[in-house]
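Participant: Sequence below, structure please.
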Amino acid sequence: MKILIIGAAGRVGSAALAACLTKQHHVTAFLRNPSKLPPELRNHPRLRITQGDATSHSSLVEAIGDTDAIIQAAVYGSNTPFGTSDSEKVVRCIINAVKEVQASRPLRSRPIRLWVMSGQVLMDIPGYAGKIEGDVFPIHPEHYKNYDFLRNDAKDLDWSLLCPGRIDQGEPTGPLVVTTDRVGLWQEPWIAGRISFIGPALNVIYNWKQQRLTYASVGEFLSNHLGPGDEWRGKRVGLLEDASKHVGNYDEA
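Facilitator: Predicted structure coming up:
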């Protein structure tokens, strides 16, 4: 497959890049500063490096070309409720470029697969109908707007929103747990977790300590799921590692 990774020098992007190359994919790394790519990957025979700005429509259209799948790993977003970043602009530019390229292809051609990086703040909290984690801790405000834009303006695209828990360096601590639209590995803490108003916050805090995964496992997951979306098309996809099972591989639970 021909894969385009936007933001390939970042921690998620470089992990996805390494994993895709091991799967024999042909990869285009789209980034502002090629010198930031890991040295061991720069001269890989199946890697093409394209320097460009992810807010440039023409640059994105050219980079997409005959790509089969895209991983959007550029500009994660702000860590505060009132922070700002280029995330919204980047995601909108990418979606508009994908729409243009898709429209130019033959009618029955395979749709471009698009993974957009987001965060667990967008996932539903189990047991609290209509409430997402971001309602409790409103960080990464751009993610909410990106999700709305995807739902409203990218209905004809084969997209999924990747919403992992907190991501750390190091080796995977357990098998991947993949969920759709809701937070995974959820445990009810104690009776205090059912108290009105503060219950959801207590539950999120209680679960936060076990809700983690590694960049390596995120990259591996993305490299394994670049075909047509099907069950995850238009969905929020949660990722966590189940450390309770203590295995050192990337198998999905």
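Participant: Could you tell me whether E40 really is in a strand?
Facilitator: No: when classified by DSSP: H, G, I helix; E, B strand; the rest coil, E40 is found to be coil rather than part of a strand.
Participant: where does the chain have low pLDDT?
Facilitator: Filtered on pLDDT under 70, the chain yields the residue ranges 75-85, 128, 133-141, 189-209, 246-253.
Participant: so where do the helices sit in the stretch 1-150 of the chain?
Facilitator: Taking DSSP state H, counting those that start in this stretch to define them, one finds helices in the stretch 1-150 of the chain at 11-22, 57-64, 87-104, 133-136, 141-153.
Participant: And the residue lying closest to C20 once chain neighbours are set aside, how far from L161?
Facilitator: Take C20 and drop its neighbours on the chain: the residue closest to it by Cβ to Cβ, 6 or more residues apart in numbering is S223, 4.6 Å away. All C-beta spots, glycine's among them, are computed from the backbone N, C-alpha and C. S223 is 18 Å from L161, where distance means Cβ to Cβ, to the nearest Å.
Participant: Could you report the neighbour count for S35?
Facilitator: A count of neighbours around S35, defined by other Cβ atoms under 10 Å, yields 9.
Participant: On the three-state scheme, the residue nearest to C20 is what?
Facilitator: The three-state label given to S223 by three-state DSSP is helix.
Participant: Which residue would you name as the spatial centre of the chain?
Facilitator: Centroid check for the chain by Cα atoms, centre = their mean gives M117 as the closest residue, at 2.6 Å.
Participant: I'd assumed I167 was in contact with that residue.
Facilitator: No: when contacts are counted by Cβ atoms under 8 Å, M117 is not listed as touching I167 (10.1 Å).
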